[in-house]
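Peer 1: Need the 3D shape of this:
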Amino acid sequence: MLKEFKNFIMTGNVIDFAVAVILAGAIGLVINGFVSDIMMPFVGSFLGDGLNFADMKVVLSEAVVAADGTVTTPENAILYGKWINSIINLIVVGFVLFMIVKAYNKTKKPPAEETPAGPSDNQLLTEIRDLLKK
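Peer 2: Model (predicted):
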């Protein structure tokens, strides 16, 4: 059983999949950084006054603060701004992946055109035999 597991793990497909997952995680971090640190300030400045979507929320109940300044009950809010950030992130990730796949497809060789099947070897030999008999 251990040998079978070793053979399974060492096949190319499993190793390729593991590498793809690791690279996807790294690319995800890069894209998230790009969206949050580069794209969102531009979007916020175009919408006016450096708007930050992450700060947008609807407060359902305010935080309760004790006399000594400690928060006894945290604020209850719908953080729809973070959701907007997630949607923008999804659009950017989708576009980047589209561009990667498009570039990859350009590097692949076009499929070879299939040649029409001619007569088989037996048919050709039969024709030659028949011609020689004549």
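Peer 1: tell me which element the spatially most central residue of the chain is part of?
Peer 2: By CA atoms, centre = their mean, the chain has its centre lying nearest to Leu97, at 5.5 Å. Secondary structure assignment for Leu97, by DSSP states H and E: helix 80-107.
Peer 1: same question for the helix or strand immediately after that helix in the chain, mean pLDDT?
Peer 2: Sequence order places helix 121-133 as the next helix or strand after helix 80-107, per DSSP H and E. Regarding helix 121-133, the rounded mean pLDDT is 88.
Peer 1: Find the residue closest to Gly28 in space, skipping its chain neighbours.
Peer 2: Distances taken as CB to CB, 6 or more residues apart in numbering put Val93 closest to Gly28, at 7.4 Å, once the chain neighbours are dropped. C-betas here are computed from N, CA, C, even on glycine.
Peer 1: what's the pLDDT at the one you found?
Peer 2: We note a pLDDT of 78 for Val93 in this prediction.
Peer 1: I figured it hits Ile31, correct?
Peer 2: Yes. Applying CB atoms under 8 Å, one finds Val93 in contact with Ile31, separated by 5.2 Å.
Peer 1: Going by contacts, tell me the helices and strands next to the helix holding Leu97.
Peer 2: Counting contacts by 3 or more CB pairs under 8 Å, 6 or more residues apart in numbering; DSSP states H and E, helix 80-107 packs against helix 12-34, helix 40-47.
Peer 1: Just put the ones you listed in CSV and tack on mean neighbour count, mean pLDDT and distance to Phe5.
Peer 2: Listed next are the helices and strands packed on helix 80-107 as CSV, based on neighbours: other CB atoms under 10 Å; pLDDT from 0 to 100; distance: least, CB to CB, whole Å:
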stretch, mean neighbour count, mean pLDDT, distance to Phe5
helix 12-34, 11, 81, 11
helix 40-47, 13, 78, 45
